[in-house]
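Chemist: Structure for this input, please:
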Amino acid sequence: MNEKRTLGRRLGLGMFAVLATVALNAAARTSPNVDRLARFTPVAPGRHSPVKIHQRQSDSSWDSYNWSGYAVTGAAGSVTDARASWTVPPVSCPIGSKPRQNQYSSFWVGIDGFNDNTVEQIGTDSDCQRGRPTYYAWFEFYPNPMFIINSVTIHPNDVISAEVVSNGGGWFTVSLTNVTTNQPSGSVSTQVPGAQQSSAEWIAEAPSSSSGV
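Modeler: Numbering: from 1, shown residues only. Next up, the predicted model:
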């Protein structure tokens, strides 16, 4: 999946509704939410990385190798909340696919990653793994590893609602709900050193591994 993706201020993906709350002078900060997801499984790190920019276009959009979607940017510390909802895209796997032909597509909402090297994010995947359609929810505080959320079942065409919140002091909380099945994930929080809080985005991503995008 080495094709070039276009990332701009706005693209007509038609899948998501997003609200990014930008507070340039946020005085009030909530305490970190230390609730943990009921069950989650760590997987290989580095799957959902910051944007890989190819070039900027004359209409102020950007070409990206791994992201497609919408991003809003601001001063460091200005982004405190990003929320989105989307419908899980169904996938059709090629007949006779082999494990080496695995294909991945990720859909998420997050803070950071456009102007810095962290991404605080939560979303779903619609993959072809070992020739079979595979769907799951996950979160990742990049560059830390990704975790699969086992407590929420994901099906094609389910409606998902998700949110990433900055709690101040470099702490972030992520949560997700399968609206169709009324399954909330609970919330998980962690501190992310170096996070700038300078962008919010909702993205369809071609994730990365050690072999590339």
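Chemist: Could I get the buried residue list for stretch 194-205?
Modeler: For stretch 194-205, burial by neighbour count (16 or more other Cβ atoms under 10 Å) applies to 195-205. Every residue, glycine included, has its C-beta placed from N, CA and C.
Chemist: residues touching the residue lying closest to Pro90 once chain neighbours are set aside, list them.
Modeler: With Cβ to Cβ, 6 or more residues apart in numbering as the criterion, Pro90 has its nearest non-adjacent residue at 3.5 Å, and that residue is Pro156. Counting by Cβ atoms under 8 Å, 6 or more residues apart in numbering, Pro156 makes contact with 88-91, 126, 133, 135.
Chemist: who's in contact with the residue nearest to Ser49 when sequence neighbours are not counted?
Modeler: Of all residues beyond its chain neighbours, the one nearest Ser49 is Ser208 (5.1 Å), with distances taken as Cβ to Cβ, 6+ apart. By Cβ under 8 Å, 6+ apart, the residues touching Ser208 are 46-49, 66.
Chemist: what's the answer for His155, then?
Modeler: By Cβ under 8 Å, 6+ apart, the contact set of His155 is 88, 135, 180-181.
Chemist: tell me which element it falls in.
Modeler: Assessed by DSSP states H and E, His155 sits outside every helix and strand.
Chemist: likewise Arg47?
Modeler: Per DSSP H and E, Arg47 falls between elements, in no helix or strand.
Chemist: How many neighbouring residues does the nearest residue to it once chain neighbours are set aside have?
Modeler: Distances taken as Cβ to Cβ, 6+ apart place Pro207 nearest to Arg47, at 4.4 Å, with adjacent residues excluded. Burial of Pro207, expressed as a neighbour count using other Cβ atoms under 10 Å, amounts to 20.
Chemist: now swap in Pro90 and tell me
Modeler: If we define neighbours as other Cβ under 10 Å, then Pro90 has 11 of them.
Chemist: likewise Thr73?
Modeler: 15.
Chemist: same check, this time on the one 3 residues further on
Modeler: Summarising burial for Ala76: neighbours were counted as other Cβ under 10 Å, giving 11.
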